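Student: Provided below for reference: sequence and predicted model.
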Amino acid sequence: MRTVTSPDRFGALVAAIEKTGYYPEVVAAGVRAAVAGEQVDAFLVHHEPTIDRDEVRRHITVVVLTDSRLILCH
């Protein structure tokens, strides 16, 4: 029996975080700490700007799936 492993997707995750432009270094550092060296199997990066009169409020949610955990960073 052969086990198939997926490649680590951490680089793609960081690229997706950087693409949002919302404090990418801070967000990536927090996610990196939460992942704690585990392989990233899948992820979702959701950037949600909200316009409130003359102000734009921005939120980012990052969901990461590893072999042993589901990680949610907001």
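Tutor: Done, it's in. Numbering: from 1, shown residues only.
Student: specify the beta-bridge partners of P49.
Tutor: R58 (DSSP bridges).
Student: that one: neighbouring residues, count only.
Tutor: 11 (other C-beta atoms under 10 Å). Quick note: C-beta positions are derived from backbone N, CA and C, even for glycine.
Student: where does the protein dip in pLDDT?
Tutor: Within the chain, the ranges that satisfy pLDDT under 70 run 1-5.
Student: could you pull up phi and psi at A36?
Tutor: Backbone torsions of A36, given as degrees, to the nearest 10, read phi 50, psi 40.
Student: who are the contact partners of it?
Tutor: By C-beta atoms under 8 Å, 6 or more residues apart in numbering, A36 lies in contact with nothing.
Student: could we number from 264 for the rest of this?
Tutor: New numbering, starting at 264: the last item is A299.
Student: where along the chain do the helices fall?
Tutor: 273-283, 287-298 (DSSP state H).
Student: for the most centrally placed residue in the chain, which residues are in contact?
Tutor: Centroid check for the chain by C-alpha atoms, centre = their mean gives V325 as the closest residue, at 3.8 Å. Shown in contact with V325 (C-beta under 8 Å, 6+ apart): 276, 280, 290, 294, 306-309, 334-337.
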